[in-house]
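Chemist: From the sequence below, what's the structure:
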Amino acid sequence: MPRGSTSRPDPRRALGANGERAVAVWYETAGYEVLDRNWRNRTGELDLVVGRDRVVVFCEVKTRRTNTFGAPVEAITREKRQRLRVLAAQWLDAHRDAVREVRFDVASVFVRPGTEPVVEILEGAF
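Modeler: Down below sits the predicted model:
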């Protein structure tokens, strides 16, 4: 087996993917269309891009099992917010649709064994 590879899936990656799926369902239930998931380029990655009417929402998803290390939203540093703004501008440049409003949301997802994920959306977080 090559160095650094593993035959087992990364549990943190699976946890994050589950959280992103739960958030996508939350937005779809609220009438949004998922425009992109895990959009990436050399600058970084946008977790979720959704739209409704002429509003595009860039949502950063933070998934946790506990809040031992603080609320998931607290993991969004000033540097992370700036990187997300740059990525959003790049996404908008690549998708030249008519957009009237842009919003940045942060989704906190708590996943506990045997229960459905709990999704909390902070709209207009920054």
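Chemist: Which positions within stretch 64-80 qualify as buried?
Modeler: By neighbour count on 16 or more other Cβ atoms under 10 Å, the buried set for stretch 64-80 is 64, 72, 76. C-beta: built from backbone N, CA, C; applies to glycine.
Chemist: How about stretch 98-108?
Modeler: Buried-residue list, stretch 98-108, by 16+ other Cβ under 10 Å: 104, 105, 106, 107, 108.
Chemist: Distance from that stretch to the middle of the chain?
Modeler: Centre-to-centre, stretch 98-108 and its host chain are 11 Å apart (Cα atoms, centre = their mean, to the nearest Å).
Chemist: next one: stretch 46-61
Modeler: Using Cα atoms, centre = their mean, the offset of stretch 46-61 from its chain centre is 9 Å.
Chemist: Show me what that stretch is in contact with.
Modeler: 16, 19-20, 23-24, 27, 30-40, 76, 80, 84, 87-88, 91-92, 98-107, 109, 121, 123, 125 (Cβ atoms under 8 Å, 6 or more residues apart in numbering).
Chemist: Sitting in strands, which of those residues do you find?
Modeler: Judged by DSSP state E, strands contain the following of the contacts of stretch 46-61: 33-40, 101-107, 109, 121.
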